[in-house]
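need the 3D shape of this:
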Amino acid sequence: MPYALFCQEAKLSKAYPTEADVWGLARQSGLVVDAVSDEERSEPRPVLDNDYEIRPCQPDPDEDPARNKAEAERDARSVLQLGSKAA
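Below you'll find the predicted structure:
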């Protein structure tokens, strides 16, 4: 089952193959904050900012979650390469 980023009932991202894929994109976008999980665990765990959540979803009829992941990875590599050339 693919996953996407939601705010309330609105789907904000493309569908991706795994929940971990969406967490990675949310981190890159600055939507993840750390918060203490509870009294039993002292280490922080990732939490989405505002009312965002990652949920399973059906991909749109013309979308391919695997292709979305490959495009996101390619875009991330391009940004990293551009950043290293600017330094």
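
use CA for all of it now, contacts and neighbours both
Will do.

mind checking pLDDT for residue 45?
Per-residue pLDDT puts residue 45 at 80.

show me what the helix or strand hosting it is packed against.
Using DSSP states H and E, residue 45 falls within strand 44-48. If contacts are counted by 3 or more C-alpha pairs under 8 Å, 6 or more residues apart in numbering; DSSP states H and E, strand 44-48 sits against strand 32-36.

what does the next helix or strand after the strand holding residue 45 contact?
Sequence-wise, the next helix or strand downstream of strand 44-48 (DSSP H and E) is strand 52-56. Contacts with strand 52-56, where a contact means C-alpha atoms under 8 Å, 6 or more residues apart in numbering, come from 1, 2, 3, 4, 5, 6, 7, 8, 19, 22, 23.

narrow those to those that are buried.
Among the contacts of strand 52-56, those classed as buried by 16 or more other C-alpha atoms under 10 Å are 2, 3, 4, 5, 6, 19, 22, 23.

want to throw those residues into CSV with secondary structure, distance to residue 35 and pLDDT?
Shown next, in CSV, are the buried ones among the contacts of strand 52-56 (DSSP: H, G, I helix; E, B strand; the rest coil; distance: C-alpha to C-alpha, whole Å; pLDDT from 0 to 100):
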residue, secondary structure, distance to residue 35, pLDDT
2, coil, 26, 97
3, strand, 23, 98
4, strand, 22, 98
5, strand, 19, 97
6, strand, 20, 97
19, helix, 19, 97
22, helix, 19, 97
23, helix, 15, 95
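
tell me the buried residues in the strand holding residue 45?
47, 48.

same question, stretch 50-64
52, 53, 54, 55, 56, 57, 59.

can you lay out those residues as TSV showing distance to residue 35 and pLDDT?
What follows is the buried residues of stretch 50-64, written out as TSV (distance: C-alpha to C-alpha, whole Å; pLDDT from 0 to 100):
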residue	distance to residue 35	pLDDT
52	15	95
53	15	96
54	17	97
55	20	97
56	23	98
57	26	97
59	30	95
